[in-house]
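Colleague: one predicted model, sequence on top.
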Amino acid sequence: MDFAVFLVQCLNALQYGLLLFLVASGLTLIFGILGVINLAHGSFYMIGAYLAYALSPWAAQQVGGGFFTALAIGLVLSVAFGYLLEWGFISYLYQREHLQQVLMTYGLILVFEELRSILVGDDVHGVSAPAWLAGSVALGSVMTYPVYRLFMSAVCVVVGLGLYAVIAHTRIGMAIRAGASNREMVQSLGVDIRLLYRIVFAAGVALAVFAGMIASPVSSVYPGMGNQVLIISFVVVVIGGIGSVRGALFASLLVGLVDTFGKVLIPQTAGILVYVLMAAILLWRPEGLFRAG
C-alpha cells in the first residue's frame, strides 16, 4: 500500500472513529447512568442530519448565517428536545424492565420515522459544506484529502475534550460519575437525581444530533440513516464498557481502524470484522475494556 493511500485511510479511520465517539458517548452515558436501553438513539443522529438540511438554507436567508448558524440553532433545539423527551417518556422507564424500555424506544423510532416522512418526504438530500471548507489538501503528488473531513475530526476532538473536562473536573461531572457507580448513594447525598438524569439524557441527545449535523455534508441525508449508526454505537458501548466515556473513545477509534482498513484490505469480510472484534474482546473482557467513569 502506497504511503499516501495509507495516510488517507488512517485519516478516514480517525474521522469515522471520532464521529462514532460523539454518538456512542451519549449512548453510553444514557445506558450506564440512566440504565435505559435507548434504541431511539440512532434516530437522534438522523434528526441532526435533517436539521442541518432544513436549517442551513433558512439560516442563510433569514439571519445571514449558514451551516454554522444552523449548527448552533440545532444544538439548542436538541438540548430542549432531549430534556422534554426525558420528562415526557424516558422518565417512566427507570423502574421498568429492559423489555419495556426496548418497546418504548422502538416505538419512538417508528414515530420519528413517520414524522420525518410527513415533514420532508423520503428523498435523499445533500447538505453543502461551508465554502471555505470545500477544498482539499495535497497528500503526496497524487492524493488529496477533503478539508471538511479534517474539520470534522478537529471538531470531534474539541467536543471530546470538553466532555472530558465536564465529567472529570466539574461538580456535575462528579455527580455523573458517582451516579454511574451508585445512584442510590448519590440520591441519598441530596443530589436531585431527576434533574441529573434529564441533563444527562439531554446531553446524550445533543451529542447524537450534533454528530448527525456535522456528518450531513459527507454522508448525505436519507431515510433510516440512523439505524446503522445505532448498531455500531452499541458495538462501541459494549467494547468500551457500559457507562465509560473513555472506553467509548478507545472503542470508537478501534472500530474505525478495523472497519476502514477491513474494507480496503479484505473487502469480502469487511461487514463482519467489527462484530468479530466485539466477540473477541468480550471473550477476553466480558465487562468491556474499561469500567464506568
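Modeller: Everything's here; your move.

Colleague: from now on I want contacts and neighbour counts done on CA atoms only, so please keep to that.
Modeller: Fine.

Colleague: all strands of the stretch 101-250 of the chain, in order?
Modeller: All strands of the stretch 101-250 of the chain, identified by DSSP state E, counting those that start in this stretch, fall at 136-139, 143-146.

Colleague: single out the most deeply packed of those strands.
Modeller: strand 143-146 (a mean of 15; mean count of other Cα atoms under 10 Å).

Colleague: so in that sheet, which strands flank it, and in what orientation?
Modeller: If you go by DSSP bridges, strand 143-146 pairs up with strand 136-139 (antiparallel).

Colleague: V5: which of the strands of the stretch 101-250 of the chain is closest?
Modeller: With respect to V5, and counting by Cα to Cα, the nearest of the strands of the stretch 101-250 of the chain is strand 143-146 at 7.3 Å.

Colleague: contacts for the closest one next, please.
Modeller: Under the contact criterion Cα atoms under 8 Å, 6 or more residues apart in numbering, strand 143-146 has outside partners 4-5, 8, 134-139.

Colleague: may I have the helix or strand that contains V76 as CSV, with CA atoms only?
Modeller: Per DSSP states H and E, V76 falls inside helix 67-88. C-alpha atoms of helix 67-88 as CSV (Å, rounded to 0.1, in the frame of the first residue of the first chain):
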residue,chain,number,x,y,z
PHE,A,67,-24.1,26.0,8.2
PHE,A,68,-22.5,27.1,11.5
THR,A,69,-25.6,29.1,12.4
ALA,A,70,-27.7,26.0,11.7
LEU,A,71,-25.3,24.0,14.0
ALA,A,72,-25.8,26.5,16.9
ILE,A,73,-29.6,26.5,16.5
GLY,A,74,-29.8,22.8,16.1
LEU,A,75,-27.7,22.3,19.2
VAL,A,76,-30.0,24.5,21.3
LEU,A,77,-33.1,22.7,19.9
SER,A,78,-31.6,19.3,20.6
VAL,A,79,-30.9,20.1,24.3
ALA,A,80,-34.5,21.3,24.7
PHE,A,81,-35.9,18.3,22.8
GLY,A,82,-33.9,15.8,24.9
TYR,A,83,-34.9,17.5,28.1
LEU,A,84,-38.6,17.3,27.2
LEU,A,85,-38.4,13.8,25.8
GLU,A,86,-36.9,12.6,29.1
TRP,A,87,-39.6,14.4,31.1
GLY,A,88,-42.4,13.0,28.9
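
Colleague: need the residues that contact it.
Modeller: 48, 51-52, 55-56, 59-60, 128-130, 198-199, 201-206, 209-210, 213-214.

Colleague: what's the answer for stretch 212-223, then?
Modeller: 19, 44-53, 71, 113, 116-117, 122-129, 149, 152.

Colleague: now do it, average pLDDT.
Modeller: The average pLDDT for stretch 212-223 rounds to 92.

Colleague: same question for stretch 237-249.
Modeller: Rounded mean pLDDT across stretch 237-249 is 89.

Colleague: in a markdown table, list the contacts of strand 143-146 along with distance to L254 and pLDDT.
Modeller: What follows is the contacts of strand 143-146, written out as a markdown table (distance: Cα to Cα, whole Å; pLDDT from 0 to 100):
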| residue | distance to L254 | pLDDT |
| --- | --- | --- |
| A4 | 21 | 75 |
| V5 | 19 | 81 |
| V8 | 17 | 89 |
| A134 | 28 | 84 |
| G135 | 28 | 86 |
| S136 | 26 | 89 |
| V137 | 25 | 88 |
| A138 | 26 | 84 |
| L139 | 24 | 79 |
